[in-house]
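Colleague: the following comprises the amino acid sequence and a computationally predicted model.
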Protein chains: 2
Amino acid sequence: MKAFSRLSKRQQHMMRFMHAYTQKRGFPPSIREIGEECDIGSTSVVNYNLNKLVDAGYIERSGKVSRGLRIVGAIPGVTSAQRVIGAVGPHRVALVGRIAAGEPISLPDDIGHHIEEDDYITVPPNLLGSYDASETFALTVRGDSMIDAMIKDGDIVILRRQNTAENGEMVAAWLTEDNETTLKHFYREADGVRLQPANRDYEPIYVHPANCEVKGKVLSVMRSYQ
Amino acid sequence: MKAFSRLSKRQQHMMRFMHAYTQKRGFPPSIREIGEECDIGSTSVVNYNLNKLVDAGYIERSGKVSRGLRIVGAIPGVTSAQRVIGAVGPHRVALVGRIAAGEPISLPDDIGHHIEEDDYITVPPNLLGSYDASETFALTVRGDSMIDAMIKDGDIVILRRQNTAENGEMVAAWLTEDNETTLKHFYREADGVRLQPANRDYEPIYVHPANCEVKGKVLSVMRSYQ
DNA sequence: TTGACGTAAAAACAAATGTTCGTGTATAAT
DNA sequence: ATTATACACGAACATTTGTTTTTACGTCAA
């Protein structure tokens, strides 16, 4: 992919116009519309530069069909480029609640039902891994009980719903006996379950399997300093 | 908005096809393409039903232009209910390079320039605060000097481009003399600038203001455990 | 029946639109 | 100077494509 700034001024103009037009009208502009906007007198010049943009990897064209182009490259300073229609939008994940010491999270009931629109948070795909947004949920961390896991008050953790975990995975675990939910690395051992803090300065917690209920696997964390 | 089930079978077919086509190709189908797919022999019939769909509030048409239609109504069982066009897409932020939080390594000083397509990352709006995506950039953290600031190796930090900073803010600072960039807490002191790592294992760096160029302020952090 | 109405079909038309070809103009490399 | 390359222009051409017109077939009600 050629850098956007390496494109000619005219080609940059075309890119911005094509994006804005598609955004506004719902379908791409025609060659002549592009030429009119970008002060290009000849359709062949527009066609020439469109092919240049194809070579540069910024658009794709469908030959011989009107308005047969789609934007696949990013335009700096402009929202999402690739395929405006049907674009992979921001994934919405259910923000089911807050996780805090002494307040176990009740996941199965809440998810997919009594969720309000505001209870969704936008999550970039790279934070969801290979999972679909529908099988994940988000929690807002309250308190510093998770500070040993590099997660602090106010952080949002993205998890995948699951009741089991592989050794070494970071999970949200509900300690039924202590009535407390925590984020730890999960290890199933001969004598029970070991919950290992990420920070080696902290000691692991050993619990009986019956006292440890896995709620989900941690996929990612988001934190805003504002 | 007329109920989707109240539309004729043919109109429902048209709606599904128009959506799928637009999704796949990046632009709407022509009247004849719709007719071919929906087994309609005459373009006038397609045109007739398209106008019906306009009346029903499911699509909008732009007269006299090829492929001049856009879907505005929801199709049951299919994605994208809300007005696809004009939807707020994921914000794309330039991922300009890697930054050493421990031993600073050189960072290509091409922030805002020479950005490649692959060097963009999708960032949810809430991590950008009140700033626009165009005035921010992202860095991948290398090293553990910020581990006490809850930032660890591999994290992606989102920064706002700015040349000054308030005391205590976390900034990306360019040490001009060493041609290196580092991620530290910023403190302006009587005898110069102190760049304070959060990790107690690391010593603060004292530099002359002329040798310290602030590149940006840290807005947020993303971390994926996968 | 008769008429109104919604739907469907085919053909013809006019405009929009992508493509191609020949030519011109810089700039840089050889 | 010559060649190569990138970029630009205008005109003609061939389809694509939206629109319109005319005709026809149902259903339903008066």
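Modeller: Good, I have the coordinates. Numbers count the residues shown, from 1 in each chain, chains lettered A, B, ... in the order given.
Colleague: okay, CA-based contacts and neighbour counts for the rest of this
Modeller: OK.
Colleague: burial count for A:Glu177?
Modeller: Number of residues near A:Glu177 (other CA atoms under 10 Å in any protein chain shown) recorded here: 11.
Colleague: quick one, phi psi at the nearest residue to it once chain neighbours are set aside?
Modeller: Nearest residue to A:Glu177, sequence neighbours excluded (CA to CA, 6 or more residues apart in numbering or on different chains): A:Asn211, at 5.8 Å. A:Asn211 adopts backbone torsions of phi -100, psi 0, taken as degrees, to the nearest 10.
Colleague: contact partners for A:Asn211?
Modeller: A:Trp174, A:Leu175, A:Thr176, A:Glu177 (CA atoms under 8 Å, 6 or more residues apart in numbering or on different chains).
Colleague: and the nearest residue to the third one once chain neighbours are set aside, how far is that from A:Pro197?
Modeller: Nearest non-adjacent residue to A:Thr176, counting by CA to CA, 6+ apart: A:Asn211, 5.1 Å away. When CA to CA, to the nearest Å is the yardstick, A:Asn211 and A:Pro197 sit 18 Å from each other.
Colleague: do A:Arg61 as well
Modeller: Taking CA to CA, one finds A:Arg61 at 52 Å from A:Pro197.
Colleague: what number of residues lie near A:Leu139?
Modeller: By other CA under 10 Å, 22 other residues sit near A:Leu139.
Colleague: surely it and A:Ile156 touch.
Modeller: Yes: here A:Leu139 reaches A:Ile156: they are 5.5 Å apart, a contact under CA atoms under 8 Å.
Colleague: how about the CA coordinates for the lengthiest helix in chain A, as CSV?
Modeller: Counting residues, the longest helix found in chain A (DSSP state H) is helix A:9-25. This file holds the C-alpha atoms of helix A:9-25, laid out as CSV (Å, rounded to 0.1, in the frame of the first residue of the first chain):
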residue,chain,number,x,y,z
LYS,A,9,-2.6,16.1,-4.9
ARG,A,10,-5.3,15.4,-7.5
GLN,A,11,-5.6,11.8,-6.5
GLN,A,12,-5.9,12.7,-2.8
HIS,A,13,-8.6,15.1,-3.8
MET,A,14,-10.4,12.3,-5.7
MET,A,15,-10.1,10.0,-2.8
ARG,A,16,-11.6,12.5,-0.4
PHE,A,17,-14.4,13.3,-2.7
MET,A,18,-15.3,9.7,-3.5
HIS,A,19,-15.4,9.0,0.2
ALA,A,20,-17.5,12.0,1.0
TYR,A,21,-19.8,11.4,-1.9
THR,A,22,-20.4,7.7,-1.1
GLN,A,23,-20.9,8.6,2.6
LYS,A,24,-23.5,11.2,1.7
ARG,A,25,-25.3,9.6,-1.2
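Colleague: got the buried residues for that helix?
Modeller: With burial defined by 16 or more other CA atoms under 10 Å in any protein chain shown, the residues of helix A:9-25 counted as buried are A:11-12, A:14-23, A:25.
Colleague: residues near A:Ser44, how many?
Modeller: Around A:Ser44 there are 13 residues (other CA under 10 Å).
Colleague: so the helix or strand encompassing it, near chain B or not?
Modeller: Assessed by DSSP states H and E, A:Ser44 sits inside helix A:43-55. No: applying CA under 8 Å from any CA of the partner chain, one finds helix A:43-55 out of contact with chain B, separated by at least 13.3 Å.
Colleague: next structured bit after that helix?
Modeller: That would be, after helix A:43-55 and using DSSP H and E, strand A:59-61.
Colleague: that next one pairs with which strands, and in what direction?
Modeller: Next to strand A:59-61 in the sheet, as set by DSSP bridges, lie strand A:69-71 (antiparallel).
Colleague: what sits up against the helix holding A:Ser44?
Modeller: Helix A:43-55 is contacted from outside by A:Gln11, A:Ile31, A:Arg32, A:Ile34, A:Gly35, A:Ile40, A:Ile59, A:Glu60, A:Arg61, using CA under 8 Å, 6+ apart.
Colleague: coming back round to it: any part of the longest helix of chain A near DNA strand C?
Modeller: No: using CA under 7 Å from any atom of the strand, helix A:9-25 never reaches DNA strand C; the gap is at least 11.5 Å.
Colleague: which strands and helices sit next to that helix?
Modeller: Identification of packing neighbours for helix A:9-25 by 3 or more CA pairs under 8 Å, 6 or more residues apart in numbering or on different chains; DSSP states H and E yields helix A:31-37, helix A:43-55.
Colleague: quick one: which of the contacts of A:Asn211 sit in strands?
Modeller: Mapping those onto strands (DSSP state E) picks out A:Trp174, A:Leu175.
Colleague: can I get the contacts of A:Asn211 in TSV including distance to DNA strand D?
Modeller: What follows is the contacts of A:Asn211, written out as TSV (distance: CA to the nearest atom of the strand, whole Å):
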residue	distance to DNA strand D
A:Trp174	58
A:Leu175	61
A:Thr176	62
A:Glu177	66
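Colleague: now the contacts of A:Asn211: which count as buried?
Modeller: Among the contacts of A:Asn211, those scoring as buried are A:Trp174, A:Leu175 (criterion: 16+ other CA under 10 Å).
Colleague: can I get the contacts of A:Asn211 in JSON lines including pLDDT and distance to B:Ser5?
Modeller: Output for the contacts of A:Asn211, formatted as JSON lines (pLDDT from 0 to 100; distance: CA to CA, whole Å):
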{"residue": "A:Trp174", "pLDDT": "77", "distance to B:Ser5": "45"}
{"residue": "A:Leu175", "pLDDT": "77", "distance to B:Ser5": "49"}
{"residue": "A:Thr176", "pLDDT": "72", "distance to B:Ser5": "48"}
{"residue": "A:Glu177", "pLDDT": "71", "distance to B:Ser5": "52"}
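Colleague: which of the contacts of A:Asn211 sits closest to B:Phe4?
Modeller: A:Trp174 (44.2 Å; CA to CA).
Colleague: could you find the closest non-adjacent residue to that closest one?
Modeller: Among residues not flanking A:Trp174 along the chain, A:Thr181 sits closest, at 4.3 Å (CA to CA, 6+ apart).
Colleague: do you know the pLDDT at that neighbour?
Modeller: In this model, A:Thr181 is scored at 71, pLDDT.
Colleague: count the residues that sit near it.
Modeller: Neighbours of A:Thr181 under the rule other CA under 10 Å: 24.
Colleague: which strand or helix spans it?
Modeller: For A:Thr181, the element it lies in under DSSP H and E is strand A:180-189.
Colleague: quick check: buried residues in that strand?
Modeller: Of all the residues in strand A:180-189, those buried under the rule 16+ other CA under 10 Å are A:Glu180, A:Thr181, A:Thr182, A:Leu183, A:Lys184, A:His185, A:Phe186, A:Tyr187, A:Arg188.
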